[in-house]
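A.B. asks: Next one to model:
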Amino acid sequence: MNAVMKPLARAWRRAALVATRDVPRPVGPMGAHASGSNPIRVLLLGSGPAVGWGVLSHDLALPGNIARILSQRTHRGVDVDVVANSTITAHNAIYSLEAQHLPDYDVAILLIGINDALDLAPVRKWGQHMGRVMEHLRTNGAPHLQTLVLTTPPLPKLQPMLAFGRVVPDRHRRLLDAELARVCAGREAVTLMQFPVAEEPDVHRYRSPRTYRSWSQGIVDELVPILPPPRLHPIALAQPTAPTRIVTSVGEDRRQRAVDRLGILDTAPEERFSRLAAAAQQLFDTSSAALSFIDKDRQWFKAHVGVDFVELPRDQAMCDHTIREDSVFVVPDASLDARFKNNPLITGPSHLRFYAGFPITSPTGERVGALCVFDENPREFSEGDIVLLRNLALLAQDMLWVEDEIPQLRPV
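C.D. replies: Here you go, the predicted structure:
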């Protein structure tokens with residue numbers, strides 16, 4: 001049967017590619033954020049609706065709507081990272097996951113199946129590939145990671161003339177969904193949901209922000225009950241008895257590759273980053289602020305205010321501690337902290353006492369640097385201060401991501 005049907009499905013796919021050639025797609029940062037404390041980290045992986053067809057920004061597509069609605073429901077911040085393109089299948093999705101730093105995520109959303117339906121992928125083998133994707137998330141993600149798996153959405157009605165060609169893959173889509181239910185059954189921390197139906201389907205355009213908002217409402221309804229408990233990020237972390245050494249590991253090698261791939265080290269100052277550092281210094285009323293990146297054995301400042309040096313040995317860098325956390329890192333009084341009281345920044349002419357930093361990540365999730373503020377006087381850091389510093393750090397991160405050219409993270 002497939003020998004007869006595959007040519008029809010391929011013809012529909014070719015026609016669909018032509019029909020969508022001029023459809024808008026998001027450009028810019030591959031993700032979206034909602035302001036708030038103790039942020040929920042979400043990874044969205046897939047094709048079709050995950051790509052964001054019909055809008056020019058992920059803020060208007062699924063990521064932005066999920067972030068805003070989830071934040072409203074939980075009263076927490078939300079970060080949604082997107083790994084999406086029009087070629088993802090159950091077979092190749094695992095390669096996209098391997099490029100991500102999975103331990104940082106609280107939730108993974110899988111939207112995989114459109115291309116497999118169009119290819120009339122063998123049902124049982126497709127199920128095996130999906131099972132491997134879920135197993136990869138379980139073994140490589142955080143212990144608390146929850147996975148939400150969506151069934152394949154109905155194929156879009158691009159043109160009346162293509163309707164007949166859509167019938168075959170649409171029927172195969174339902175077979176894949178039945179196999180997906182079998183694969184998900186009994187898996188711990190995996191939830192299967194029917195792809196939501198938009199309240200008011202678009203008639204005159206491919207997809208609109210209204211459609212993505214409606215879909216996101218349904219997705220968040222399923223997400224909220226399965227969210228892991230909030231991870232507490234105390235402002236003052238426990239003080240070890242001795243300074244922490246730099247440890248070379250597979251994770252550090254991967255992090256360093258992400259730094260090198262950004263191509264930011266030793267580049268000339270840029271006004272946009274300098275203005276951001278100046279804004280941080282003014283908003284927090286500190287003597288200094290900086291946007292820094294952690295290299296192999298040094299901390300390098302892309303932008304800085306209130307200091308006259310552009311780099312430090314890594315073993316003196318407080319930002320090196322920031323990149324070991326997935327949230328804010330605050331030292332109210334460094335002279336009382338066993339990790340830093342003998343640091344030349346504290347004992348020397350700088351007389352540093354207060355430090356607060358929020359990590360900057362690469363598009364693949366590795367923590368590569370930090371936006372930080374620091375001062376000669378001890379001080380406290382409120383919950384509102386944490387939210388503001390996070391928002392500024394995410395702004396710097398978005399600036400970096402716009403210029404990044406990692407192919408697997410771009411919708412194609």
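
A.B. asks: Centre-most residue in the protein?
C.D. replies: Asp81 (2.3 Å; CA atoms, centre = their mean).

A.B. asks: Confirm that one sits in a strand?
C.D. replies: Yes: assigned with DSSP: H, G, I helix; E, B strand; the rest coil, Asp81 falls within a strand.

A.B. asks: Over to the nearest residue to it once chain neighbours are set aside: give its phi and psi.
C.D. replies: Leaving out its chain neighbours, the residue that sits closest to Asp81 by CB to CB, 6 or more residues apart in numbering is Gly31, at 4.5 Å. Every residue, glycine included, has its C-beta placed from N, CA and C. When quoted as degrees, to the nearest 10, the phi and psi of Gly31 stand at phi 170, psi -180.

A.B. asks: is it fair to say Asn342 lies in a helix?
C.D. replies: No: using three-state DSSP, the assignment for Asn342 is coil, not a helix.

A.B. asks: Tell me the spacing between it and Phe374.
C.D. replies: 17 Å (CB to CB, to the nearest Å).

A.B. asks: Give me the more crowded residue out of those two.
C.D. replies: Legend: neighbour count by other CB atoms under 10 Å for Asn342 and Phe374, higher for Phe374 (25 against 10).

A.B. asks: In contact with that one, which residues are there?
C.D. replies: 286-290, 318, 352, 354-356 (CB atoms under 8 Å, 6 or more residues apart in numbering).

A.B. asks: closest to Ile264 among those residues?
C.D. replies: Distances from Ile264 to the contacts of Phe374, taken as CB to CB, are shortest for Ala290 (13.6 Å).

A.B. asks: Who are the packing partners of the host helix or strand of that closest one?
C.D. replies: Using DSSP states H and E, Ala290 sits within strand 288-294. When contacts are defined as 3 or more CB pairs under 8 Å, 6 or more residues apart in numbering; DSSP states H and E, strand 288-294 sits against helix 250-262, helix 271-284, strand 298-305, helix 319-322, strand 367-375.

A.B. asks: If we use 7 Å, what do you get?
C.D. replies: On a contact count with 3 or more CB pairs under 7 Å, 6 or more residues apart in numbering; DSSP states H and E, strand 288-294 meets helix 271-284, strand 298-305, helix 319-322, strand 367-375.

A.B. asks: before we move on, back to that, out of the contacts of Phe374, flag the one nearest to Trp401.
C.D. replies: Comparing the contacts of Phe374 against Trp401 with CB to CB places Ala290 closest, at 19.6 Å.

A.B. asks: Quick check: that closest one vs Ala280, distance?
C.D. replies: Taken as CB to CB, the span from Ala290 to Ala280 is 8 Å.

A.B. asks: now swap in His33 and tell me
C.D. replies: Separation of His33 from Ala280 (CB to CB) stands at 17 Å.

A.B. asks: could you pull out the strands for the protein?
C.D. replies: Residue ranges of the strands in the chain, as given by DSSP state E, are 31-34, 40-46, 78-84, 107-111, 146-150, 190-193, 288-294, 298-305, 311-313, 329-331, 354-361, 367-375.

A.B. asks: Could you dump those strands into a markdown table with mean pLDDT and distance to Tyr206 added?
C.D. replies: Below are the strands of the chain laid out as a markdown table (pLDDT from 0 to 100; distance: least, CB to CB, whole Å):
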| stretch | mean pLDDT | distance to Tyr206 |
| --- | --- | --- |
| strand 31-34 | 90 | 20 |
| strand 40-46 | 95 | 17 |
| strand 78-84 | 93 | 16 |
| strand 107-111 | 97 | 17 |
| strand 146-150 | 97 | 19 |
| strand 190-193 | 97 | 23 |
| strand 288-294 | 96 | 38 |
| strand 298-305 | 96 | 39 |
| strand 311-313 | 93 | 48 |
| strand 329-331 | 94 | 43 |
| strand 354-361 | 95 | 31 |
| strand 367-375 | 96 | 36 |
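
A.B. asks: Tell me which of the ones you listed sits nearest to Gly52.
C.D. replies: strand 78-84 (7.2 Å).

A.B. asks: and that closest one, what does it pack onto?
C.D. replies: Strand 78-84 packs on strand 31-34, strand 40-46, helix 62-74, going by 3+ CB pairs under 7 Å, 6+ apart.

A.B. asks: Let me have these in TSV, adding mean neighbour count as columns.
C.D. replies: Formatted as TSV, the helices and strands packed on strand 78-84 follow (neighbours: other CB atoms under 10 Å):
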stretch	mean neighbour count
strand 31-34	24
strand 40-46	25
helix 62-74	22
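
A.B. asks: can you tell me which residues contact the closest residue to Leu62 other than its chain neighbours?
C.D. replies: Closest residue in space to Leu62, ignoring its immediate chain neighbours: Tyr212 at 5.4 Å, by CB to CB, 6+ apart. Residues near Tyr212 by CB atoms under 7 Å, 6 or more residues apart in numbering: 60-62, 65.

A.B. asks: Tell me where the stretch 101-250 of the chain has helices.
C.D. replies: With DSSP state H, counting those that start in this stretch as the criterion, the stretch 101-250 of the chain has helices at 114-118, 123-140, 163-184, 209-226, 250-262.

A.B. asks: Give me the contacts around the second one.
C.D. replies: When you say that, I think you mean helix 123-140. 90-91, 93-94, 97, 102, 108, 110, 112, 116, 145, 147, 175-176, 179-180, 182-183, 187, 189-190.

A.B. asks: how close does Phe329 get to Asp295?
C.D. replies: For Phe329 relative to Asp295 (CB to CB), the value is 19 Å.

A.B. asks: More neighbours: which of those two?
C.D. replies: Legend: neighbour count by other CB under 10 Å for Phe329 and Asp295, higher for Phe329 (23 against 18).

A.B. asks: ok, the more buried one touching Cys319?
C.D. replies: No: if you go by CB atoms under 7 Å, Phe329 and Cys319 don't touch, sitting 8.4 Å apart.

A.B. asks: anything in contact with each of those two?
C.D. replies: By CB under 7 Å, 6+ apart, the residues touching both Phe329 and Cys319 are Gly357.

A.B. asks: Need the phi and psi values for the closest residue to Leu102 other than its chain neighbours.
C.D. replies: Spatially, and ignoring its direct neighbours in sequence, Leu102 is nearest to Gly141 (4.3 Å; CB to CB, 6+ apart). Gly141 adopts backbone torsions of phi -90, psi 180, taken as degrees, to the nearest 10.

A.B. asks: Fine by me, thanks again.
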